[in-house]
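Asks: What shape does this take:
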Amino acid sequence: MARRRIPTTAPETAAGDPFEFITDERGGVTVMRDGHPQSHVHPDDPTLLEFEYVQHFALVLDALTPPVPSLLGVTHVGGAGLTLARYVEATRPGSPQIVLEPDVRLTDAVRRELPLPRTHRIRVRPADGASGVAALKDDSADVIVLDAFADGRVPAELVSPTFAADVARVLKPGGVFIANLADEPGFAWTSRAAATFTAVLPHAVIVGAHEVLKGKRFGNVVLAASADASALDLDAVTRAAARAPLPTGVRRGAELARMLRAGAPFTDNDAARSPVPPQLGAWRVR
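Replies: As a prediction, this is how the structure comes out:
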């Protein structure tokens, strides 16, 4: 793989790692920040998705009502390489999208190294997720996607009841919230985060790699939740998971309840960041 290092002279990051854009043999580009892979983008085909959790995001998005290729108003909390925003633009061209990404230098580097399609309706706002969602109008988004990490961890304020209430307020009737949650086997943190969101968006499903769902390694699961039972076709999600190129499972109904049974919702006072991820290459635990 070829490494292209993007230097920065900002004083607060001069001693830290710069952004990196790592090109693989198939033409895909991995965006690195703080030593962690943030995004993988195929500039020539945004529907080619490398990261398993992004494939799971797409699987859920494709199962939404209205179906592809109808337009969706999507708000992304976290931007990095704008992989999912590019996917939505490719599969639902002209969809209005807002991306909340506080790291302006990262956004500028991504725009320079991985330009967006010329006719897109993707608007990147330099705002953090909590304040950015709080500033949005009621009933203004069909979908809100949470995919935000700081030092490899989901920030505590993005799993708080206050944030969950803002998500529910901003979603249109029938809207869907989709979140990337990273956890250790046992799902102690995920169960609390999911309980926080399902307190206001009770109809939910979790999608993840079989290894992660079975507790064999640290990893990501995707939570999809809505206030409307008809917003997400769970049978379509299950069928799509069965066809996924990576072994993918779905937890819904009683299975989901068992998976998350130990979790009490976070409060604004005890909301916690997701667990520290292991070093790359050491995610398997047994």
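
Asks: mind listing what the longest strand seen in the chain pairs with, with the direction of each?
Replies: The longest strand of the chain (DSSP state E) is strand 171-183. Strand 171-183 pairs in its sheet with strand 141-146 (parallel), strand 219-226 (antiparallel), by DSSP bridges.

Asks: what residues does the longest one touch?
Replies: The reference is to strand 219-226. Residues from elsewhere that reach strand 219-226 (C-beta atoms under 8 Å, 6 or more residues apart in numbering): 52-53, 56-57, 60, 171, 174-183, 187, 190, 193-194, 197-198, 201-209, 211-213, 232, 237, 283. Every residue, glycine included, has its C-beta placed from N, CA and C.

Asks: Sitting in strands, which of those do you find?
Replies: Using DSSP E, the contacts of strand 219-226 in strands are 171, 174-183, 203-209.

Asks: could you list every residue that touches V133?
Replies: T75, V77, L100, I144, F163, D166, V167, V170.

Asks: helix or strand for it, which one?
Replies: Counting by DSSP states H and E, the element that carries V133 is helix 129-134.

Asks: picking that back up, what about burial for the contacts of strand 219-226, which qualify?
Replies: By neighbour count, with 16 or more other C-beta atoms under 10 Å, those hold 52-53, 56-57, 60, 171, 174-183, 187, 190, 193-194, 197-198, 201, 203-209, 211-213, 232, 237 as buried.

Asks: give me the number of residues near the closest residue to V205 other than its chain neighbours?
Replies: Spatial nearest neighbour of V205, chain neighbours left out: R252 (4.6 Å); criterion: C-beta to C-beta, 6 or more residues apart in numbering. Residues near R252, counting by other C-beta atoms under 10 Å, number 19.

Asks: where in the chain is pLDDT low?
Replies: 1-18, 280-286 (pLDDT under 70).

Asks: quick one: the helices in the stretch 151-286 of the chain?
Replies: 161-170, 188-198, 210-213, 234-243, 253-259 (DSSP state H, counting those that start in this stretch).

Asks: Around R243, how many other residues sit close by?
Replies: So R243, with other C-beta under 10 Å, has 8 neighbours.
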